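*Asks:* Fold the following.
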Amino acid sequence: MLKRLVVGVHRWLGVGMCVLFLLWFCSGIGMMYWDFPAVAASDRLQRSSPIDLTRVKFSPADALGLAHVAQAQEFRLNTYDGRPVYRVRGAGTEVVVYADTGEVRGAATTALMLRVAAQWARQPAPAATAAEVVDVDQWTVQSPLRTLRPMWKFSWPDGQRVYVAANSGEVVQYTTTASRIGAYLGPIPHWLYFTALRKHQHAWTTVVVWTSGIATVAALLGLVVGLWMYSPSKRYRYNNQPSRVPYTGQKRWHMVFGLVFGVGAATWAFSGLLSMDPFPPTESPAHRASGSRIASAVRQPLDGASFSGDSLTDALAPLHGEDVREVELINVGGRPCLLTTFGDGTTKIVEPGGSVEPMLDDGWLSSVIRAAVQESGGGEVRRLTRPDLYYMDRRRPRPLPVLVAELRGADRSRYYIDPRTARMVGAFSEREWTTRWLYHGLHSLEFPLIYERPLWDVVMIGCMLGGAALSATSIVLAWRVVAGAVR
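*Replies:* Just a heads-up that it's a prediction; the model follows:
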């Protein structure tokens, strides 16, 4: 009776989930090589103009005053519409001040947005087709972008589409023909990112959580049935020969694929569920407090008093003629420095006195971090030169070397600080360690022995092809079940 019930539940769950399983496995291969289009900080840097320091007429202190910001959490000099601008971020808002005229940037005109988009796309402005975006489309369905409407979309005949927010005049989304095709082969079907569903945040979350949960149960029940029916002693007959599997045809293939790939199907469905954070957060207040303390010790707020117009220009004199795209004013452990970023993404630190270094001194920065660690209950600070089990990223190599602050006691947390930028580039609490193994480990097979490419690609593609084959057999069987039920 129990066996019949389990088989029946698995059969009908399979009828409902088989197509979605096949979609997930096939699009998972696409996810390995294509992501959903987005505008990253590196994209903004690469497509911006070099800073012409001769046009900087206002000092950082002037910019703080014009922005009406007493203390800045972030303070950058870069370009906008070909002009040098200060970007002052404080209290959750960003104010942009033109460094050549002292004007505070307001809402953007259509002409200005077109110039910005044309510069981004490196295409002539007259060739663009402009359209106001007042509702979500496929490429602006994410929650952060939905809050930036209204925006304008500028399209060129070569397939480039640049989305510019009307309030800020900033490029907030960018797609090409290739990136859109890649998204349809990977992220959109894999995440169920179809516009009609995704634009409703709560409904989309509910659908993904429930389908992932039901898929997990279906896969586990199938595995139970397969093990239940499997006969190590070969008590069944197949082609007049002893057999461990009682079925023939598609059911036989389904059971064989299920025994081989069923565990993977169940763990992938379950880890996909975890990607939605369905359980209440368990991050400890101690972890948040320690992270904030270390981050604040490394990077302190700026009041602009240490940076006059002359000192900024003079400090950057050794970099004259170089492709400087951004200058970030930072206060590291109470010492003001300039973090300069070049067109190729590399950085240099301009320290007090005008010395130019590739990174901050490890010993001095370690002492700054160590003082914050001691306030958090103690721990150690060490230098990391190779990725460890938690500090790794296959698509975007993380900076190395970094300094690692490992806390002991109740808050067993770990924080990674990049000496090139004095920026925290990674943090893990006990909850995130669990996520690392249950989500990233099970869903992306991020395990040490198979982490390196191309071995990882071979293993992942093999597993997903096996899961797709299992799903394909279930579609054939589901068709037979439904056809038999409607007769």
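
*Asks:* Just give me the neighbour total for D314.
*Replies:* Around D314 there are 11 other residues, counting by other Cβ atoms under 10 Å. Every residue, glycine included, has its C-beta placed from N, CA and C.

*Asks:* now do L360
*Replies:* Neighbour tally, L360, other Cβ under 10 Å: 26.

*Asks:* what about it, which SS state?
*Replies:* Put simply, L360 is coil when judged by DSSP: H, G, I helix; E, B strand; the rest coil.

*Asks:* Now it. Nearest residue, chain neighbours left out?
*Replies:* P419 (4.7 Å; Cβ to Cβ, 6 or more residues apart in numbering).

*Asks:* OK, contacts around that neighbour?
*Replies:* Listed by Cβ atoms under 8 Å, 6 or more residues apart in numbering, the contact partners of P419 are 359-362, 365, 401-403.

*Asks:* Most neighbours of all the residues you listed, which one?
*Replies:* When neighbours are counted by other Cβ under 10 Å, L360 leads these with 26 neighbours.

*Asks:* what packs against the lengthiest helix in the chain?
*Replies:* The helix that spans the most residues within the chain, counting by DSSP state H, is helix 455-486. Other helices and strands packing on helix 455-486, by 3 or more Cβ pairs under 8 Å, 6 or more residues apart in numbering; DSSP states H and E, are helix 2-31, helix 249-274.

*Asks:* and the shortest one, what's its mean pLDDT?
*Replies:* This means helix 249-274. In this model, helix 249-274 has a mean pLDDT of 91.

*Asks:* got the contact list for the very next helix or strand once past that helix?
*Replies:* For helix 249-274, the following helix or strand on the C-terminal side (DSSP states H and E) is helix 285-298. Helix 285-298 has contacts (Cβ under 8 Å, 6+ apart) with 332-333, 365, 368-369, 371-373, 375-377, 405, 407, 410-411, 413, 415, 417, 422-424, 427, 429-430.

*Asks:* Among these, which are located in strands?
*Replies:* 332, 405, 407, 415, 417, 423-424, 427 (DSSP state E).

*Asks:* Tell me which two of those sit farthest apart.
*Replies:* Spanning the widest gap among these are V332 and L407, at 20.8 Å by Cβ to Cβ.

*Asks:* pLDDT on stretch 188-205, on average?
*Replies:* For stretch 188-205, mean pLDDT is 94.

*Asks:* Endpoint to endpoint, that stretch covers what distance?
*Replies:* End-to-end span of stretch 188-205 (Cα to Cα, to the nearest Å): 14 Å.

*Asks:* so I349 is in which element?
*Replies:* Counting by DSSP H and E, the element that carries I349 is strand 347-350.

*Asks:* Moving C-terminal from that strand, which element do we reach first?
*Replies:* Downstream of strand 347-350, the next assigned helix or strand under DSSP H and E is strand 356-357.

*Asks:* That following strand pairs with which strands, parallel or anti?
*Replies:* Here strand 356-357 has these sheet partners by DSSP bridges: strand 347-350 (antiparallel).

*Asks:* Can you get me the centre-to-centre distance for the strand it pairs with and its chain?
*Replies:* Centroid separation for strand 347-350 versus its chain: 26 Å, with Cα atoms, centre = their mean, to the nearest Å.

*Asks:* Residues in contact with it: which ones?
*Replies:* The set of residues external to strand 347-350 that reach it, using Cβ under 8 Å, 6+ apart, is 315-316, 318-319, 337-342, 356-360, 420-421.

*Asks:* just the buried members of these?
*Replies:* The neighbour-count test (16 or more other Cβ atoms under 10 Å) marks 315-316, 319, 337-342, 359-360, 420-421 as buried among the contacts of strand 347-350.

*Asks:* where are the low-confidence patches of the stretch 1-150 of the chain?
*Replies:* By pLDDT under 70, the stretch 1-150 of the chain has no low-scoring segment.

*Asks:* hang on, the earlier thing: out of the ones in strands among the contacts of helix 285-298, which comes closest to L53?
*Replies:* Comparing the ones in strands among the contacts of helix 285-298 against L53 with Cβ to Cβ places V332 closest, at 22.5 Å.

*Asks:* my read: R105 touches V97, true?
*Replies:* Yes - counting by Cβ atoms under 8 Å, R105 touches V97, with 7.3 Å between them.

*Asks:* Mind listing the shared neighbours of those two?
*Replies:* Common contacts of R105 and V97, defined by Cβ under 8 Å, 6+ apart, comprise V85.
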